[in-house]
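Asks: got a sequence here, can you model it:
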Amino acid sequence: MSDTAEPLPAWIYENKQGVIIGVTTLLSVLAIVAVILRFKCRFLAQASIALDDWLILLALPFSIAEAICVAYATKDGLGRHVKIISKPALLEGGKLFFTMQIVWAISTSLVKFSILVFYLRVFSVLNYIRFSAWFLIITVACWMVSNAIARGFQCTPISKVWDDSLPGHCLDTVALFVIGSVSDVVLDFLILVLPLPAIVRLQMPLSKKILVAIIFALGGLYVSHRL
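Replies: Okay, here's the model as predicted:
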């Protein structure tokens, strides 16, 4: 019998690192441009900078930091199959992933806060939006804190997050990831549909209502880049 090891299938060697770097770079550039244009519009309109503008500006460096972590993680094997990644690279990649989880919880929450505060400013006369927006602000704040704590202390010791060979114990990390991601998408959906009833009641032609709804729905683009 031959002692030669069976060759690994070709798909094991697939490399998605270029796609990861390209997508994160593109979306980061779009985010920067969008924030710059937002502030430029405020200045051209000679309008004061509102709280929702400052919140989106604060969210930007966190989002860029998250994108940098994702792109840099390709150095440690992100985008390659785990079977062909060395142990040291897996450990370094695990440390980056641990950091990304916490930065993600903060950045996505700041974006949500910005949108909800914008609703409070624009639709302040509508009681249902005012009540719903404040309810969602409190919910997002609780979600951010609980996710940051759960992901920050998911293992004891913390280093076991990226080195499973260490003694200790961890929460169910798969369940933690699924619950955090699903609840994030649910909150995004609730935030995006919140102004739709108000838009429907606007005194304007149907075509313009649809256009306004599409403009608000474009906020969903920030959701899709994290999925």
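Asks: low-confidence ranges, the protein, go.
Replies: In the predicted model of the chain, residues 1-8, 11, 202-204, 206-209, 211-227 satisfy pLDDT under 70.
Asks: so residue 59: helix, strand or coil?
Replies: With DSSP: H, G, I helix; E, B strand; the rest coil as the basis, residue 59 sits in helix.
Asks: okay, now it: neighbour count?
Replies: When neighbours are counted by other Cβ atoms under 10 Å, residue 59 registers 22. No exception for glycine: its C-beta is placed from N, CA and C like everyone else's.
Asks: and it, what does it touch?
Replies: With contacts defined as Cβ atoms under 8 Å, 6 or more residues apart in numbering, the neighbours of residue 59 are 107, 110-111, 114.
Asks: got a list of what the spatially closest residue to it that is not a sequence neighbour touches?
Replies: Distances taken as Cβ to Cβ, 6 or more residues apart in numbering place residue 110 nearest to residue 59, at 3.5 Å, with adjacent residues excluded. Taking Cβ under 8 Å, 6+ apart as the definition of contact, the neighbours of residue 110 are 55-56, 58-59, 62.
Asks: quick one: what helix or strand has residue 110 in it?
Replies: Here residue 110, judged by DSSP states H and E, is contained in helix 87-122.
Asks: after that helix comes which helix or strand?
Replies: Per DSSP H and E, the helix or strand that comes after helix 87-122 is helix 127-152.
Asks: following the chain onward from that following helix, which element is next?
Replies: Where DSSP H and E defines the elements, the next helix or strand beyond helix 127-152 is strand 155-156.
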